[in-house]
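Asker: prediction below, plus the sequence it came from.
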Amino acid sequence: MEKLTCRCISLLFLLSTTLLAVNSDSEESNDYLQPTVTIAILIRNKAHVLPWFFGHLENLNYPKNRISLWIRSDHNVDDSNRILRDWLAAVEDQYHSVNLRIDTNTQGFEEETGPCDWTDERFAHVIDLRHQALEAARENWSDYLFMLDADVILENKETLSLLVQADKIIVGPMLNASYGQVYSNFWGAMTDEGYYRRVPEYFEIVDRKTLGCFPVPMVHTALLIDMHRSVSPQFTYKAHEGYKGPKDDIIIFAHSVKNADISMHILNTEYFGTVMIPLDEHNTLQDESDQFTQLNDTYLDQLGIEMLPGFLDPYGKRPLTMGEIGCFLSHYFIWKDIEAQGYENVIIFEDDVRFEPYFKTKLKRMMADAERTVPNWDLIYVGRKRLYHKQEQYVEGTTSLVWPSYSYWTLSYIISDRGVKKLLKQNPLTKMVPVDEFLPIMFDKHPTTEWKDNFSPRDLVGLSADPLLAHPTHYTGEPNYFSDTEESVVIQADNAENNKMGDVQFKVPANEATEQSSKDEL
């Protein structure tokens, strides 16, 4: 009996030891939950951007049940509150918690000249709200606080995860300006008084000539704060006694970080998204909404823009519209950037693209065909409107490429550094036509000789995907269709009345056109 008892005890000991080992291994193999994050958002008159802001926020690749939203919306004169409520009604249950306050009783601050004016009262209000957000994150025991302005478009779905992985006490994603090349959401240096100071290192980071996570004195607009670091209680948006710097929330916060002997960091290893450029007090909400879409004569003169003498739209028999000029400039500035940055090949998409199934696979196959058969190509259409389909021949040895004839649209195309040089060499701003007229001119397939004669040499080597790999999201007459080129102001051409080419009109022969002849479907 004694031997049996000993054997039972030994067996139980062995069993318990085995179970303990199994449990230990099981615990070690378990992954940690993602850190908890409070995202603080202040909203005022952002209706023009909120659908994009919320859409990209919702698409962040981060567990929503680990995210708490802290949102304040006030002093609105637009539709911000309705958009906010509609979005929350659809997604609120997905997040860990939502702390929301909407003030519908206030529309503006005393003494402000407009919604873009930053008075002392407005600064004080924002400082108080940001301080409340900081305290809320502390009370929630959040691992991180993500302070995010409501006009930031986080196009990189991994933004939040990458910021956490950076393992810095305070870090922000470097954001590109909505237009221009030098504005971003950080400062390279700061004066002793707390004001912005530009240094050469700033441009190295903004232009991504050097990549990494860099210490900087100021990050604003989008910044992640590690709340479980022992130094974090020293961070504040409230000015300390004796503070003599500007009454500005981001500067006061930067001073508190500096006083804690901590550096903020900016991460530029990837493209994260865009930030709107702050406007001056005299600007309106329409100005903020448009940013770069409202062109005027002064700006056109500064760029040296002149319409090609004698140009009239083939169908509308009108000069260029402001929308067409803006469209051309958006492509032109991309070409200039390609030249400045030394890129070899770049694919360009307009913002209303619908992709073919298996787009990437087909694109890679097409590019391999192009490099094999026409290695000196300059431009390849990915999406366009074909007009002379019957005249287009396949590139010999391929079933994915054709030699394009006269086409409309610049929906999507690939351009080489060789092609960029050929386009820019023409000084196209001094004899502007719509960009989708300019490209066929340059590969010498435009039917209007009077226009072509103004450009030489017309030696662009142009190809096109066939079948096309990109199409417009909407066509003329469909719900939600809108054209920002046709439905804009027509420029006042000085020579319109005496235009020698005023009676010139090109029409696509009905028996050769393969699609509806209307140019305006984008």
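Answerer: Received the coordinates, thanks.
Asker: just the helices from the chain, written as ranges.
Answerer: With DSSP state H, the ranges of helices along the chain come out as 2-29, 50-58, 80-91, 120-139, 159-166, 200-206, 249-259, 285-290, 297-303, 322-341, 359-373, 417-424, 435-442, 449-452.
Asker: what would these look like in JSON lines with distance to residue 189?
Answerer: The way it works is simple: take the backbone N, C-alpha and C, and place the C-beta from them, glycine included. Shown next, in JSON lines, are those (distance: least, CB to CB, whole Å):
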{"stretch": "helix 2-29", "distance to residue 189": "46"}
{"stretch": "helix 50-58", "distance to residue 189": "30"}
{"stretch": "helix 80-91", "distance to residue 189": "35"}
{"stretch": "helix 120-139", "distance to residue 189": "23"}
{"stretch": "helix 159-166", "distance to residue 189": "21"}
{"stretch": "helix 200-206", "distance to residue 189": "7"}
{"stretch": "helix 249-259", "distance to residue 189": "12"}
{"stretch": "helix 285-290", "distance to residue 189": "28"}
{"stretch": "helix 297-303", "distance to residue 189": "29"}
{"stretch": "helix 322-341", "distance to residue 189": "24"}
{"stretch": "helix 359-373", "distance to residue 189": "42"}
{"stretch": "helix 417-424", "distance to residue 189": "34"}
{"stretch": "helix 435-442", "distance to residue 189": "39"}
{"stretch": "helix 449-452", "distance to residue 189": "50"}
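Asker: just those: most buried one?
Answerer: Highest mean neighbour count of the helices of the chain: helix 435-442, a mean of 23 (counted as mean count of other CB atoms under 10 Å).
Asker: what is the mean pLDDT for that helix?
Answerer: The predicted model assigns helix 435-442 a mean pLDDT of 95.
Asker: so which elements touch that helix?
Answerer: helix 322-341, strand 407-416, helix 417-424, helix 449-452, strand 462-465 (3 or more CB pairs under 8 Å, 6 or more residues apart in numbering; DSSP states H and E).
Asker: columns mean pLDDT and distance to residue 228 on top of these, output as a markdown table?
Answerer: Below are the helices and strands packed on helix 435-442 laid out as a markdown table (pLDDT from 0 to 100; distance: least, CB to CB, whole Å):
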| stretch | mean pLDDT | distance to residue 228 |
| --- | --- | --- |
| helix 322-341 | 92 | 40 |
| strand 407-416 | 93 | 45 |
| helix 417-424 | 98 | 48 |
| helix 449-452 | 92 | 65 |
| strand 462-465 | 97 | 51 |
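Asker: residue 377 is nearest to which of these?
Answerer: Closest to residue 377 of the helices and strands packed on helix 435-442, according to CB to CB: strand 462-465, at 5.4 Å.
Asker: which residues does the closest one contact?
Answerer: Identification of contacts with strand 462-465 by CB atoms under 8 Å, 6 or more residues apart in numbering yields 362-363, 366, 370, 374, 377-384, 386, 392, 395, 400-404, 407, 439-440, 442-443, 445.
Asker: now stretch 390-409
Answerer: Outside stretch 390-409, the residues touching it (CB under 8 Å, 6+ apart) are 362, 365-366, 369-370, 372-374, 380-381, 383-388, 436, 439-440, 443, 445-447, 462-466, 472, 512, 514, 519, 521-522.
Asker: out of those, which end up buried?
Answerer: Buried members of these, counted by 16 or more other CB atoms under 10 Å: 362, 366, 369-370, 374, 380-381, 383-388, 436, 439-440, 443, 445-446, 462-466, 472, 519, 521-522.
Asker: picking up where we left off before, can I get the helices and strands packed on helix 435-442 in TSV including distance to residue 254?
Answerer: Listed next are these as TSV, based on distance: least, CB to CB, whole Å:
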stretch	distance to residue 254
helix 322-341	31
strand 407-416	41
helix 417-424	40
helix 449-452	55
strand 462-465	49
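Asker: for residue 266, which of the helices of the chain is the nearest?
Answerer: In terms of CB to CB, the element of these nearest to residue 266 is helix 200-206, at 6.5 Å.
Asker: now that closest one: average pLDDT?
Answerer: 90.
Asker: could I get it in CSV with only the CA atoms?
Answerer: Only the C-alpha atoms of helix 200-206 are listed here, as CSV (Å, rounded to 0.1, in the frame of the first residue of the first chain):
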residue,chain,number,x,y,z
PRO,A,200,19.1,73.2,-44.3
GLU,A,201,18.5,69.9,-42.5
TYR,A,202,14.7,70.6,-42.8
PHE,A,203,14.8,70.3,-46.6
GLU,A,204,16.8,67.1,-46.4
ILE,A,205,14.0,65.5,-44.4
VAL,A,206,11.1,67.1,-46.3
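Asker: please enumerate residues in contact with that helix?
Answerer: The contact list for helix 200-206 (CB under 8 Å, 6+ apart) reads 174, 181-182, 184, 186-189, 209-210, 214, 216, 266, 268.
Asker: next one: stretch 416-429
Answerer: Stretch 416-429 has contacts (CB under 8 Å, 6+ apart) with 303-306, 328, 332, 335-336, 338-339, 342-345, 376-379, 415, 438, 442, 455, 459-461.
Asker: apply 7 Å and report the result again.
Answerer: Stretch 416-429 has contacts (CB atoms under 7 Å, 6 or more residues apart in numbering) with 303-305, 332, 335, 338-339, 343-345, 377-379, 438, 442, 455, 459-460.
Asker: and stretch 356-372, by the same measure?
Answerer: Stretch 356-372 has contacts (CB under 7 Å, 6+ apart) with 377, 380, 398, 400, 401, 463, 465, 469, 470.
Asker: give me the average confidence score over it.
Answerer: Stretch 356-372 comes out at a mean pLDDT of 95.
Asker: picking that back up, can you select the buried ones from the contacts of helix 200-206 in PyMOL?
Answerer: Only the buried entries of the contacts of helix 200-206 go into this PyMOL selection, using 16+ other CB under 10 Å:
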select buried, resi 174+184+186+187+188+214+216+266+268
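Asker: return the subset of the contacts of helix 200-206 lying in strands.
Answerer: Mapping those onto strands (DSSP state E) picks out 186, 187, 189, 214, 216, 266.
Asker: closest to residue 73 out of the helices and strands packed on helix 435-442?
Answerer: Of all the helices and strands packed on helix 435-442, helix 322-341 comes closest under CB to CB, at 31.2 Å.
Asker: could you dump that closest one to PDB, C-alpha only?
Answerer: Taking C-alpha atoms only, helix 322-341 is exported to PDB below (Å, rounded to 0.1, in the frame of the first residue of the first chain):
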ATOM      1  CA  MET A 322      -9.600  77.600 -65.200                       C
ATOM      2  CA  GLY A 323     -10.200  73.900 -64.500                       C
ATOM      3  CA  GLU A 324      -8.200  72.900 -67.600                       C
ATOM      4  CA  ILE A 325      -5.400  75.100 -66.600                       C
ATOM      5  CA  GLY A 326      -5.400  73.700 -63.100                       C
ATOM      6  CA  CYS A 327      -5.400  70.200 -64.500                       C
ATOM      7  CA  PHE A 328      -2.400  71.000 -66.800                       C
ATOM      8  CA  LEU A 329      -0.500  72.500 -63.800                       C
ATOM      9  CA  SER A 330      -1.100  69.400 -61.700                       C
ATOM     10  CA  HIS A 331       0.600  67.300 -64.300                       C
ATOM     11  CA  TYR A 332       3.200  69.900 -65.100                       C
ATOM     12  CA  PHE A 333       4.300  70.200 -61.500                       C
ATOM     13  CA  ILE A 334       4.600  66.400 -61.300                       C
ATOM     14  CA  TRP A 335       6.800  66.500 -64.400                       C
ATOM     15  CA  LYS A 336       9.000  69.200 -62.700                       C
ATOM     16  CA  ASP A 337       9.200  67.100 -59.600                       C
ATOM     17  CA  ILE A 338      10.300  64.000 -61.600                       C
ATOM     18  CA  GLU A 339      13.000  66.100 -63.200                       C
ATOM     19  CA  ALA A 340      14.200  67.600 -59.900                       C
ATOM     20  CA  GLN A 341      14.200  64.300 -58.000                       C
END
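Asker: since that was my last question, I'll sign off now.
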